[in-house]
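Participant: Let me see the structure of the following:
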Amino acid sequence: MHQLFGQVLGQRDLSRAGDLFSLEDTEIEACLSQALDQIKAISCSQDYLTNDNDQAVVEICITRITTAIRETASIERHSTALVGLWESCLEHNLTPQGENTEDTPHTKIASDITSCILQNYSCPSVMVLAVPVAVRFLQSGNRELSRNMSSYLSLAAIAKADLLAEHTKAITLSVLGGNHMLLRVLPSVYPRQPDTIHCQLGNLTAMMSQLESPEQQHLIRLIQIVAEQHPLMLSPQVPTLVGYLGDQSLTEALLGSLVDVSQASPSSLVSFLPTLRIVGQQCPALLDSCSQRVGLPGVLSGQHGAQLSPHAAAGDQGSYRPPPVSTGRLRQRHLPDEQLVHRHSPNARATAGGEHGHALQGE
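Facilitator: Take a look at the predicted model:
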């Protein structure tokens, strides 16, 4: 270990701690892991919570170390020691007690380290170590730490969704516990852990009215993926989803998911045809799509399909036939770019055209 680091940490010498910033980053980089291990030993000592001197020394040293790691791009060399110190904070109290709202000493350590680790969300070797610890922080009881973890985990889900998939249950429970920021993670992990999310679909869909608009969009995206991949799993949620159609900001996207459900389980929408007709009357641009949406339920329920037509009010239900309107556009604005590209590719158009042709022949 560098002589000055050894003196500051070995003797808890606060008077020399500031001198660490006079050293070149490259001069101390080789000993950073050793310094982190020593800081861990200090912070885990019995008197650390009451020793202001030691806390100040640790705080200064961590700032110097994380700065050097960033400047020398050496996070991979020191990630084991850094994550080890970070994880040790979970063994201590992280929530303020009583009327005291100041961060606890170990909360300060965890906060100082978090960004240094998790800003490397695109680095697999670091994330393999960090993600399991970050998920544990979600359950630490400290709202600010949990919020910070959620922000970084959302980025990690974009870069390395596989690393988060095994923690789907914990992430889902955190969402249901009020950590709505993590909703953006669920669409990324769903294809890898669908059953885990299926178990909570009822609770998740029931949250819609509690969410802000950006959070609603992440939940809608999850619902759309479920509807596309496992539509039968959404059949029990049809009453809840239909109940949200009155919100015009949700109508178009949710209708796109309901058509997927109706194709897999036509009877799921039969009892909601009057409601869908009202939606169609309030949103003329969607009327034809609403009619198409009940084409399958209409087969099972006689003239029910005609209930969505404005002609139904004039008494000519028997002559009404839902027009063959494409429903793909209802979901486009919520699809990732890569899926939009696929949908408009020549092969995708050819496939869609074939399916549409069969549907017309069936009529």
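Participant: I'd like to check which residues are in contact with the nearest residue to residue 241 once chain neighbours are set aside.
Facilitator: In this structure, residue 241 finds its nearest non-sequential neighbour in residue 254, 5.4 Å apart by C-beta to C-beta, 6 or more residues apart in numbering. In this view, the C-beta of every residue, glycine as well, is placed from N, C-alpha and C. Contact analysis of residue 254 by C-beta atoms under 8 Å, 6 or more residues apart in numbering lists 220, 223, 241, 244, 245.
Participant: Please report how far residue 80 lies from residue 107.
Facilitator: Going from residue 80 to residue 107 by C-beta to C-beta, to the nearest Å gives 22 Å.
Participant: Among these two, which residue is more densely surrounded?
Facilitator: residue 107 (20 against 14; other C-beta atoms under 10 Å).
Participant: Isn't the more buried one up against residue 89?
Facilitator: Yes - here residue 107 reaches residue 89: they are 7.3 Å apart, a contact under C-beta atoms under 8 Å.
Participant: Skipping its backbone neighbours, what lies nearest the most centrally placed residue in the chain in space?
Facilitator: For the chain, residue 185 is the residue whose C-alpha lies nearest the centre (C-alpha atoms, centre = their mean; 1.9 Å). Counting by C-beta to C-beta, 6+ apart, residue 185 lies nearest to residue 157, which is 4.4 Å off, once chain neighbours are set aside.
Participant: Pull out the buried positions in the top helix by length along the chain.
Facilitator: Across the chain, the longest stretch assigned as helix under DSSP state H is helix 52-72. For helix 52-72, the neighbour count (16 or more other C-beta atoms under 10 Å) marks 54-55, 57-62, 64-66, 68-69, 72 as buried.
Participant: again with stretch 204-218
Facilitator: 204, 205, 207, 208, 215, 216, 217, 218.
Participant: how far away is the nearest residue to the third one once chain neighbours are set aside from residue 232?
Facilitator: Translated: residue 207. Distance criterion C-beta to C-beta, 6+ apart; nearest residue to residue 207, sequence neighbours excluded, is residue 219 at 6.8 Å. Distance, residue 219 to residue 232, by C-beta to C-beta: 19 Å.
Participant: And for residue 258?
Facilitator: From residue 258 over to residue 232 (counting by C-beta to C-beta), the distance is 13 Å.
Participant: With residue 196 instead?
Facilitator: 17 Å.
Participant: Out of those two, name the residue with the larger neighbour count.
Facilitator: The residue with more neighbours, out of residue 196 and residue 232, is residue 196; 20 against 14, by other C-beta under 10 Å.
Participant: That's all I had, so thanks and see you.
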